[in-house]
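> build me a model:
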Amino acid sequence: MSLPSLADRAIVLQAHAADWRAAVRLAGDALVDSGCTTAEYTEAMLRLVETHGPYIVIAPGLALAHARPGPEVRQDGLSVVTLAEPVEFGHAHNDPVSVVIGLAGVAADAHLSAVADLANAFNDSAAIQALARATNREDARAILEGRRVS
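Purely as a prediction, here's the structure:
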């Protein structure tokens, strides 16, 4: 699996977000806090949604916040934010969102590989619900790695 490691500082459980912007910002802040990106990367993630709409809402309840590789990315990184109350992104079929994954890649090929690995992790829609209910970081990691959580 080529997913970047998931630092403790990159996992935020049961957070409160007023709207989609705040939810994406939480995922971006977790990438910054874990040393993977600069704050400019978070702003780029927000701009992409503002420009292209809620395309990052890739499955019911799940958003994959990301931006293009660039100087704002210090190292490949992943963040996970679960929301205490789901928020609307404006997606016709997959709202509301309760899990926001932040993804940052130094190089385009690694970025695409990580997206594919995340898609595999969420092939089972129950994984999204399980992640939304995770109560600790180890369970969140296990779910992303495709391991069952008891």
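> neighbours of Leu64, how many?
Leu64: 20 surrounding residues under other C-beta atoms under 10 Å. From N, CA and C alone the C-beta is placed, and that goes for glycine too.
> next up, phi/psi of the residue positioned nearest the centre of the chain, please.
Closest to where the C-alpha atoms of the chain average out (C-alpha atoms, centre = their mean) is Ile101, at 0.7 Å. Backbone torsions of Ile101, given as degrees, to the nearest 10, read phi -100, psi 130.
> and Met45, by the same measure?
Torsion angles at Met45 (phi, psi; degrees, to the nearest 10) stand at phi -60, psi -40.
> quick one: least confident helix or strand in this protein?
Within the chain, no helix or strand scores below helix 108-121, which has a mean of 69 by mean pLDDT, DSSP states H and E.
> all strands for the protein, in order.
Here the chain has its strands, by DSSP state E, at 11-15, 57-59, 62-66, 77-87, 97-104.
> mind giving me JSON lines with those strands and columns for mean pLDDT and distance to Thr37?
Converted to JSON lines, the strands of the chain look like this (pLDDT from 0 to 100; distance: least, C-beta to C-beta, whole Å):
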{"stretch": "strand 11-15", "mean pLDDT": "97", "distance to Thr37": "15"}
{"stretch": "strand 57-59", "mean pLDDT": "92", "distance to Thr37": "20"}
{"stretch": "strand 62-66", "mean pLDDT": "94", "distance to Thr37": "10"}
{"stretch": "strand 77-87", "mean pLDDT": "96", "distance to Thr37": "6"}
{"stretch": "strand 97-104", "mean pLDDT": "95", "distance to Thr37": "5"}
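> export those strands as TSV, with columns for distance to Leu118.
Formatted as TSV, the strands of the chain follow (distance: least, C-beta to C-beta, whole Å):
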stretch	distance to Leu118
strand 11-15	15
strand 57-59	9
strand 62-66	7
strand 77-87	8
strand 97-104	6
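> just these: most buried one?
Mean neighbour count, computed with mean count of other C-beta atoms under 10 Å, is highest for strand 97-104 among the strands of the chain, reaching a mean of 27.
> output the contacting helices and strands for it.
Helices and strands touching strand 97-104, by 3 or more C-beta pairs under 8 Å, 6 or more residues apart in numbering; DSSP states H and E, are helix 20-33, strand 62-66, strand 77-87, helix 108-121, helix 125-133.
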